[in-house]
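Trainee: Here is my input, please return the structure:
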Amino acid sequence: SSAARMQLSERFGGHVFTALFCVSALVLMGLPMALWIFFDDFSGKLEPHTIAWLVASCFVGVTLPISLWEIVMHLRYLDQPLLQVPVIRVLWMVPIYAVDSWLALRFSLTQYKDISIYINTARECYEAFVVYNFLVFLARYVALTAKVPPPPPPP
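Mentor: Sure thing, here's the model as predicted:
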């Protein structure tokens, strides 16, 4: 069963990654256009804040599928949970930071600018959690790979 699953993964893994990359490219091209059409009043000039938000939308649109793919692959091949669970928690930092920065940029120059402080506070709390998990990962890695000599036999 495990060998069959591995064969399927090896056979279709490249195709799934290619499809995911193509979807990311379409999002990279299509999302800014859709947002521009939706938010522009067609007066001929976009505000710098709107341009920055559209550019950020491009990067978030590419970042999310790639980082979520990495997280899903770690979950799918969870061979060493003691090491991989902290790594997965660290990997969640990428989509959380991307969405946080995008939302903070979106709300920073609007009437909802007070929301940005709460979004950034949540991000800072998760950053502390990630530092803790990185230290957990390091401690577990050292503990699992350390060569501890056996205790001497009792006299």
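
Trainee: Show the contacting residues for Val60.
Mentor: Listed by CB atoms under 8 Å, 6 or more residues apart in numbering, the contact partners of Val60 are Ala98, Val99, Ser101, Trp102. C-betas here are computed from N, CA, C, even on glycine.

Trainee: Give me the three-state assignment for the second one.
Mentor: If I follow you right, that is Val99. helix (DSSP: H, G, I helix; E, B strand; the rest coil).

Trainee: Now do it, the pLDDT please.
Mentor: With respect to pLDDT, Val99 scores 88.

Trainee: and of the contacts of Val60, the nearest to Tyr77?
Mentor: Tyr77 lies nearest to Ala98 out of the contacts of Val60, by CB to CB, at 23.9 Å.

Trainee: Let me know how buried that closest one is, in neighbour terms.
Mentor: Neighbourhood size, Ala98 [other CB atoms under 10 Å]: 18.

Trainee: hmm, back to that, would JSON lines of the contacts of Val60 with distance to Tyr126 be doable?
Mentor: Compiled in JSON lines, these are given as follows (distance: CB to CB, whole Å):
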{"residue": "Ala98", "distance to Tyr126": "12"}
{"residue": "Val99", "distance to Tyr126": "11"}
{"residue": "Ser101", "distance to Tyr126": "13"}
{"residue": "Trp102", "distance to Tyr126": "15"}
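
Trainee: Determine which two of the residues you listed are furthest apart.
Mentor: Taking CB to CB as the measure, the contacts of Val60 reach their widest spread between Val99 and Ser101, a distance of 7.5 Å.
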